[in-house]
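**Q** got a predicted structure here, sequence first:
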Amino acid sequence: MNEEKVLKQIKINEATVSLRSDGIITVLFHKNIVLDLALQMLLLNIYNKIADGKRYPFLFEASSGVKITKEAKENALRIESQAPGSAYAVIAPSRAYQLVANFYLTIKKTQSPYKVFMTREKAIEWLKGFL
């Protein structure tokens with residue numbers, strides 16, 4: 001499988017955010033981090049810096065042990081309009097993670113297209129429709 005070239009990348013202790021040559025921004029949350037309000041706002045600034053005023057589809061992946069606080073989950077929809085995403089794909093590698101992510105979507109409606117996938121390949125294929 002050919003990996004896309006990384007055009008821009010910002011790494012912090014908790015995550016790596018990359019703009020790929022195919023126009024998809026990937027966000028990899030590192031192992032055992034807690035995504036709280038402070039980290040969420042830092043990441044929003046990073047997303048906007050990488051996007052440089054343009055809108056891109058986003059692919060989110062998490063290493064093991066990543067936790068999201070209740071406050072960050074609730075804030076995600078409030079700040080969505082400030083983010084440069086045209087669509088959002090989340091990789092949930094197990095059926096259990098998929099059920100949780102999809103259940104969240106039935107309760108909280110996003111402004112942009114949002115879909116959960118079990119594989120990176122299917123997520124990227126879907127995101128390419130938003131380039």
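**A** The structure has been received and is ready for your questions.
**Q** every contact and neighbour count from this point should use C-alpha atoms.
**A** OK.
**Q** who touches stretch 30-41?
**A** By C-alpha atoms under 8 Å, 6 or more residues apart in numbering, the residues outside stretch 30-41 that reach it are 13-16, 62-69, 71-72, 75.
**Q** of the residues you listed, buried ones?
**A** E14, A15, T16, A62, A72 (16 or more other C-alpha atoms under 10 Å).
**Q** sec struct for the most centrally placed residue in the chain, please.
**A** Residue closest to the mean C-alpha point of the chain, counted by C-alpha atoms, centre = their mean, is F60 at 3.1 Å. Here F60 is recorded as strand under DSSP: H, G, I helix; E, B strand; the rest coil.
**Q** and the helices in this structure, which stretches?
**A** 37-51, 70-79, 95-107, 120-127 (DSSP state H).
**Q** could you redo the ones you listed as CSV and give each row mean pLDDT and distance to S21?
**A** CSV is the format used below for the helices of the chain (pLDDT from 0 to 100; distance: least, C-alpha to C-alpha, whole Å):
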stretch, mean pLDDT, distance to S21
helix 37-51, 97, 13
helix 70-79, 88, 26
helix 95-107, 62, 28
helix 120-127, 96, 13
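**Q** of all the ones you listed, which one comes closest to A87?
**A** A87 lies closest to helix 120-127 among the helices of the chain, at 6.8 Å (C-alpha to C-alpha).
**Q** how about stretch 113-121 as PDB, C-alpha atoms only?
**A** What follows is stretch 113-121, C-alpha atoms only, in PDB (Å, rounded to 0.1, in the frame of the first residue of the first chain):
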ATOM      1  CA  PRO A 113     -20.500  14.600   7.300                       C
ATOM      2  CA  TYR A 114     -19.200  12.200   9.900                       C
ATOM      3  CA  LYS A 115     -18.800   8.400   9.600                       C
ATOM      4  CA  VAL A 116     -17.200   5.600  11.600                       C
ATOM      5  CA  PHE A 117     -15.100   2.900   9.900                       C
ATOM      6  CA  MET A 118     -13.300  -0.200  11.000                       C
ATOM      7  CA  THR A 119     -10.500   0.200   8.500                       C
ATOM      8  CA  ARG A 120      -8.300   3.100   7.400                       C
ATOM      9  CA  GLU A 121      -8.600   2.200   3.800                       C
END
